[in-house]
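1. structure here, sequence nowhere to be found:
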């Protein structure tokens with residue numbers, strides 16, 4: 001079974017990645033997942049300077065997902081380079097660094113810095129975090145997305161992935177802007193803004209009031225956005241994110257046009273979810289007579305199209 005996929009300049013041994021923010025800095029998960037089997041790992045977002053993140057409580061479970069308002073808590077890019085990168089170089093699979101800047105210049109400076117580091121396969125730009133302000137949410141602006149991707153592409157030799165927010169009027173336009181800027185791929189989607197309420201206290205449960213919703217609740221929405229973008233821009237690689245917990249979920253995104261997927265919230269309740277998905281993916285493909293995962297990517301057809 002051939003599981004190798006290509007996302008622009010980035011080649012992965014298989015289409016299964018783990019989503020930034022749900023897998024720590026990877027070493028935390030080494031006891032649960034055979035890391036070298038994965039198509040790649042994406043450590044949690046790194047910012048230019050250390051960030052304390054939002055006050056607690058930062059997470060709350062909902063009936064069909066998870067609300068989080070972590071606020072990109074991290075120790076900054078210098079600590080990432082000196083402390084986390086040496087370990088990440090040993091995991092045996094593609095490492096994709098996820099970065100977020102408070103403005104475009106910070107995105108460019110971080111990408112340029114990491115572009116000279118050995119052991120990284122790509123850069124994922126977090127232009128879509130719903131729980132912070134300033135330049136970290138520039139993903140709602142078509143021109144800003146195109147500009148920051150273009151500037152990063154010019155400053156960094158690594159493949160560039162833009163992680164996009166679903167909290168926009170037209171996700172297709174935003175994805176198109178990322179492609180125009182030179183993105184090798186777009187990750188669809190980050191979390192949806194939502195909230196949970198303690199009605200007796202007359203207060204939101206999250207200290208930040210609102211947070212980002214992930215998990216099974218957003219899967220139908222994410223699937224629709226992946227399908228829309230993949231149909232609009234067939235040459236632009238799409239990475240599907242949103243409620244992916246098993247191989248069937250992954251294959252739904254792949255046939256909808258994603259060339260890879262990221263397992264996120266499922267890792268919290270099943271740390272080995274990505275590993276188990278990889279066990280099942282070749283079997284399910286083989287049962288349908290497929291011997292190359294690329295044979296199913298983008299094969300979804302509308303019921304309104306002729307057979």
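-> The structure has been received and is ready for your questions. None of these values were measured; they are calculated from a predicted model.

2. where does the stretch 51-200 of the chain have low pLDDT?
-> 129-137 (pLDDT under 70).

3. quick one, helices of it?
-> Along the stretch 51-200 of the chain, counting by DSSP state H, counting those that start in this stretch, helices occupy 77-79, 85-88, 104-115, 142-155, 171-181.

4. most tightly packed of those?
-> Each of the helices of the stretch 51-200 of the chain was scored by mean neighbour count; the highest is helix 171-181, a mean of 22, by mean count of other C-beta atoms under 10 Å. To be clear about C-beta, it is placed using only N, CA and C from the backbone, and glycine gets the same treatment.

5. am I right that residue 277 is in a helix?
-> Yes: counting by DSSP: H, G, I helix; E, B strand; the rest coil, residue 277 is part of a helix.

6. now it: how far from residue 80?
-> To residue 80, residue 277 is 27 Å away according to C-beta to C-beta, to the nearest Å.

7. quick one, phi/psi of the residue of the chain positioned farthest from its centre?
-> Relative to the centre of the chain, the most outlying C-alpha is that of residue 200, 35.9 Å out, by C-alpha atoms, centre = their mean. Dihedral pair for residue 200: phi -70, psi -40, per degrees, to the nearest 10.

8. what packs against the longest strand anywhere in the chain?
-> When the chain is scanned for its longest strand (criterion: DSSP state E), the result is strand 94-100. Helices and strands in packing contact with strand 94-100 are listed as strand 40-41, strand 46-47, helix 104-115, strand 122-126; criterion 3 or more C-beta pairs under 8 Å, 6 or more residues apart in numbering; DSSP states H and E.

9. rebuild the helices of the stretch 51-200 of the chain as a markdown table, extending it with distance to residue 222.
-> Below are those laid out as a markdown table (distance: least, C-beta to C-beta, whole Å):
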| stretch | distance to residue 222 |
| --- | --- |
| helix 77-79 | 29 |
| helix 85-88 | 27 |
| helix 104-115 | 24 |
| helix 142-155 | 18 |
| helix 171-181 | 10 |
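
10. quick one: which of the ones you listed is nearest residue 36?
-> helix 85-88 (12.5 Å; C-beta to C-beta).

11. for that closest one, packing partners?
-> Partner elements for helix 85-88 (3+ C-beta pairs under 8 Å, 6+ apart): none found.

12. distance check, residue 193 against residue 140.
-> 11 Å.

13. which residues are in contact with each of those two?
-> In terms of C-beta atoms under 8 Å, 6 or more residues apart in numbering, residue 193 and residue 140 are both contacted by the residues residue 167.

14. wait, which of the helices of the stretch 51-200 of the chain is closest to residue 48?
-> helix 104-115 (4.4 Å).

15. for that closest one, packing partners?
-> The contact analysis (3+ C-beta pairs under 8 Å, 6+ apart) places helix 104-115 against helix 77-79, strand 94-100, strand 122-126, helix 142-155.

16. low-confidence ranges, the stretch 201-307 of the chain, go.
-> Across the stretch 201-307 of the chain, nothing is flagged by pLDDT under 70.

17. hey, where'd the strands end up in it?
-> Assigned by DSSP state E, counting those that start in this stretch, the strands in the stretch 201-307 of the chain fall at 203-204, 211-214, 237-241, 260-263.

18. residue 248 is nearest to which of the ones you listed?
-> Per C-beta to C-beta, nearest to residue 248 of the strands of the stretch 201-307 of the chain: strand 260-263, 11.5 Å.

19. so what strands line up beside that closest one?
-> Strand 260-263 sits in its sheet next to strand 16-18 (parallel), strand 237-241 (parallel), going by DSSP bridges.

20. would you confirm that residue 190 contacts residue 166?
-> Yes: counting by C-beta atoms under 8 Å, residue 190 touches residue 166, with 6.7 Å between them.

21. thinking again about what came up before, format the helices and strands packed on strand 94-100 as TSV; extra columns: distance to residue 213.
-> Formatted as TSV, the helices and strands packed on strand 94-100 follow (distance: least, C-beta to C-beta, whole Å):
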stretch	distance to residue 213
strand 40-41	24
strand 46-47	22
helix 104-115	25
strand 122-126	17
